[in-house]
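Novice: Please find the sequence and the predicted model below.
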Amino acid sequence: MKILYPPRPKGKIPPATLPKYERSGQWLWQRKFNGTHVVVNVSPNREVGILTRHGTAPKLFSLSRDHVREILSLNLNPGSEYWFAGELLDHKTKNQNYKKKIVLFDVLQAGRYLMRRPDQVGRLNLLADICGRPQELEPNNGIALQVTDKIWMAEWWDTNAVDRFKDHLTTDEIEGLVLRKKKATLDNFGNKKYEVNWMIRCRKAHAGGNYGF
């Protein structure tokens, strides 16, 4: 099948600079999850698929009937195609409560490819509507909002960046934050290497030293 490749952060910053980005009022942030970056597709005839950001099948994972049923239970318009960007928590986590969970953090297509409009805030609000505006955190370490048992949604904020960065410093499933420019729009249709300046990584220190900034 075709694939809409998701945007990826081109830049990276140290945590000490977070207050500067918050003061600008131009950015929001989500948690950066330690899993496999994936896109989830729902076709017009309600077939569900999942691919990595490289366009390949995830290793050691396939969608279960429960995954498919729960994805199709979202607020989807009949006959429309959807593409979601998210994170698959898989072999990188040792916590059995997190394995095979999918965290959605952006929507790329909802009946139409969301090019130019809406902006980042608009897309996140659309994602929240599709997910039923979840309010409860998942019941373990509370790293995401619980939509269904296996499908979660990333929170987002535009205040208290330093506190949000510190929330899960000892949680292996969280790498830090991803900053997103509020007014940023999707402007590339399906390019495999879609790195953007309106997304920035802010990673916590890692014992192995392989995160960096």
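Specialist: Arrived safely, thanks for sending.

Novice: CA only for contacts and neighbour counts going forward, please
Specialist: Will do.

Novice: List the buried residues of the longest helix seen in the chain.
Specialist: If you go by DSSP state H, the chain has its longest helix at helix 120-130. For helix 120-130, a neighbour-count test (16 or more other Cα atoms under 10 Å) marks 120-121, 123-128, 130 as buried.

Novice: show me where this protein has helices.
Specialist: Along the chain, counting by DSSP H, helices occupy 18-24, 65-72, 120-130, 161-166.

Novice: of the ones you listed, which approaches Arg31 most closely?
Specialist: With Cα to Cα, the closest approach to Arg31 among those belongs to helix 161-166: 7.9 Å.

Novice: what ranges of the chain fall below the confidence cut-off?
Specialist: 1, 190, 206-213 (pLDDT under 70).

Novice: Can you tell me the centre-most residue of it?
Specialist: Note on the chain: the residue nearest the mean C-alpha position is Phe105, at 2.8 Å, using Cα atoms, centre = their mean.

Novice: looking at it, it is touching Gly86, isn't it?
Specialist: Yes. With contacts defined as Cα atoms under 8 Å, Phe105 counts as touching Gly86 at a distance of 5.2 Å.

Novice: Leu114 and Leu4, how far apart?
Specialist: Applying Cα to Cα, to the nearest Å, the value for Leu114 to Leu4 is 11 Å.

Novice: overlap in contacts of the two?
Specialist: Residues touching both Leu114 and Leu4 by Cα atoms under 8 Å, 6 or more residues apart in numbering: Leu108.

Novice: ok, residues contacting stretch 171-187?
Specialist: For stretch 171-187, the surrounding residues in contact (Cα under 8 Å, 6+ apart) are 7, 9, 26-35, 89, 93, 108, 114-121, 141, 143, 165, 168-169, 198-204.
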